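In: Sequence isn't available, so here's the structure alone:
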């Protein structure tokens, strides 16, 4: 969610919406990897949420990062809300509860993703540590109530905060208490996009299980391995989920446009103002029938902003966004791009992954997605445990990365970034199960040690 787009050309036809997505098509030689991750800031003393204001707040952290990096500030009504790297294309932004997000620049290899990450963490530490701020790598804040969490000064979040409780039970928890890691990947044609989208939607529960680590709410086990994933099941089902229609004949850019036209909008941005149009459809806006803008047609910026408020398990923009994983400690972050690059950027692995999922029907895919937050590897689809499928996918990812042949200075291919996942599969337990064992053992029923063991 780097920055809200600025292209104020009014739209004339649906074809322009389709063309905007189609412009993402690239030859495989130009495929890139973008990785975004969120982490929860906390005060090193007292382990409390960090407010925006004040000498030791999030605003001060962003100001410090601006001076250190020389990146362009992203401002809203006089407050700094993010930073943008004009040369490299990376960005730092804030989620509603102050979760600190790095949207990495598009890079060629997973090795470069890791280098970017290490540089970012060193920079963040340099500024944050003197401010008494640490960062937690979990999918959800383990000890705070929603009421404790400060609100960041972003207009779009105010609108979403008002709207969320009308459309689901957990929208505010999603906004204020969760963290994710995502990877963004390219496609070479419409058919390639469709194939990658189908494979990655069907296999998103695998990533959810491999990265599951949000088992605590307000200091106690919540009964789930990935409560973050459970939260998405009742946040706003008009804009999230397993998009079963994407597996039907005729799927392509046009079909995505038709879906997006009917997803309820949140806001329209004009200048610095966010105008609340929550619940109205983009289709009506497109036909000049938006109550807040009678007779006015949306712009390409409005379209790009709207697409960024759709939250299915895999999202299509001008690239595909993998959205199923919990935020994790830094050592495990590069494993997510490694997993999906190995599966999707190598044709042999992509075809083998399609062979795994192509016979599953919409009902089975949904049931797997519904089970995985609670049961992790023990979830089943047809006659198979998710664990077996995860093992198979990991082997395919390793093989795909081997064939890509990008080696680091020690001659290791990108498969080395899968090592944390190899260990998880070898142990047969999700990270959340390991954490629950600690909670019931060495941690003596207290989540506080997480702020040390899972900090960045």
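Out: Looks like it came in fine. A quick note: this is a predicted structure, and the numbers were derived from the prediction, not measured.
In: Strands along the stretch 101-250 of the chain, start to end?
Out: Here the stretch 101-250 of the chain has its strands, by DSSP state E, counting those that start in this stretch, at 133-136, 180-185, 216-217, 220-221, 240-241.
In: nearest to residue 165, of those strands?
Out: With C-beta to C-beta, the closest approach to residue 165 among the strands of the stretch 101-250 of the chain belongs to strand 240-241: 15.6 Å. Backbone N, C-alpha and C define where each C-beta goes, glycine included.
In: Report the distance from the closest one to the chain centre.
Out: Centroid separation for strand 240-241 versus its chain: 13 Å, with C-alpha atoms, centre = their mean, to the nearest Å.
In: next SSE after it?
Out: helix 253-262 (DSSP states H and E).
In: Can you list the neighbours in contact with that following helix?
Out: With contact meaning C-beta atoms under 8 Å, 6 or more residues apart in numbering, helix 253-262 is reached by 14, 17-18, 21-22, 190, 193, 243, 245-246, 281-283, 286, 306-307, 310, 316.
In: Settle this for me: residue 36 is touching residue 99, isn't it.
Out: No. Checked against C-beta atoms under 8 Å, the pair residue 36 and residue 99 is beyond contact range at 11.2 Å.
In: When the two are compared, which one has more neighbours?
Out: The neighbour count for residue 36 versus residue 99, taken as other C-beta atoms under 10 Å, is higher for residue 99 (26 against 23).
In: Kindly state the pLDDT recorded for the most centrally placed residue in the chain?
Out: Closest residue to the average C-alpha location of the chain: residue 182 at 3.9 Å, with C-alpha atoms, centre = their mean. The model reports residue 182 with a pLDDT of 98.
In: thought it was touching residue 36?
Out: Yes. If you go by C-beta under 8 Å, residue 182 and residue 36 touch, sitting 4.7 Å apart.
In: before we move on, the earlier item: OK, contacts around the residue nearest to the centre of the chain?
Out: 35-37, 321-323, 325, 336.
In: ditto for residue 8
Out: Neighbouring residues of residue 8 by C-beta under 8 Å, 6+ apart: 299-301.
In: Write the PyMOL selection for whichever of these are buried.
Out: Isolation of the buried members of the contacts of residue 8 (16 or more other C-beta atoms under 10 Å) is achieved in PyMOL through the command below:
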select buried, resi 299+300+301
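In: quick one: which of the contacts of residue 8 is nearest residue 57?
Out: Using C-beta to C-beta, residue 301 is the member of the contacts of residue 8 that lies nearest residue 57, at 30.0 Å.
In: Please report the distance of the residue nearest to the centre of the chain from residue 84.
Out: For residue 182, the distance to residue 84 (C-beta to C-beta, to the nearest Å) stands at 18 Å.
In: top of the contacts of residue 182 by neighbour count?
Out: residue 325 (31 neighbours).
In: Let me see the backbone angles for the residue lying closest to residue 299 once chain neighbours are set aside.
Out: Using C-beta to C-beta, 6 or more residues apart in numbering and skipping residues adjacent in sequence, the residue nearest residue 299 is residue 8, 4.8 Å away. Here is the backbone geometry of residue 8 (degrees, to the nearest 10): phi -100, psi 30.
In: swap in residue 358?
Out: As for residue 358, its main-chain torsions (degrees, to the nearest 10) stand at phi -70, psi -20.
In: Also residue 248?
Out: Dihedral angles of residue 248 (phi, psi; degrees, to the nearest 10) stand at phi -90, psi 160.
In: is it true that residue 39 lies in a strand?
Out: Yes. Counting by DSSP: H, G, I helix; E, B strand; the rest coil, residue 39 is part of a strand.
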